[in-house]
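> Make a model of this:
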Amino acid sequence: MMISRSLDGNYSTEISNGIYKIFADSMGDGSQSLHPAEFLEAGLAACMNITTRMVLDRMNLKYDGVEVKISLERPDKENTVITYNIDIQGDIDETTKKLITDKVFNCPVRKILTSHIEVVNAQE
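The predicted structure is shown next:
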């Protein structure tokens, strides 16, 4: 469970899972906080990175690192486009990298984001 508490300032909020704290505000200027939509990008980037490394480990492939870039765009009110790029660093051929990134497409957070999502008020 995540809890968001208002802070002094221009719509600043502290978000906590009870152990760790992160900060968001409506500006998301990167100085001390993120814009709320950036948390969606962060969650997907983390999941894809972790999943990529799990696949690499299961395939017993050595790699130097994994970098995932996520970009969320809202061309209009009805549509959202999330673009991703997975860079597997190390001596792995392109065919194998493609096989791995195809598997990573099914990471748990991507499945959540592309499923039917219902947001319900717990007070009702």
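> I'd guessed E67 sits against Q89; true?
Yes. With contacts counted by Cβ atoms under 8 Å, E67 reaches Q89, the gap being 7.0 Å. For glycine as for every other residue, the C-beta is placed from the backbone atoms N, C-alpha and C.
> Give me the next element, helix or strand, following the helix or strand hosting T52.
Here T52 sits within helix 36-58, counting by DSSP states H and E. Next in sequence after helix 36-58, counting helices and strands by DSSP H and E, comes strand 65-76.
> That next one relative to helix 36-58, how many degrees between them?
Using axes from the mean of the first three to the mean of the last three Cα atoms, to 10 degrees, the inter-axis angle of strand 65-76 relative to helix 36-58 is 140 degrees.
> Now do the buried residues in strand 65-76.
Residues of strand 65-76 classed as buried: V66, V68, I70, L72 (neighbour count, 16 or more other Cβ atoms under 10 Å).
> And stretch 51-65, by the same measure?
Those would be T51, T52, R53, V55, L56, Y63, for stretch 51-65 by 16+ other Cβ under 10 Å.
> Tell me if I am right that T95 is in a helix.
Yes. The assignment for T95 is a helix, going by DSSP: H, G, I helix; E, B strand; the rest coil.
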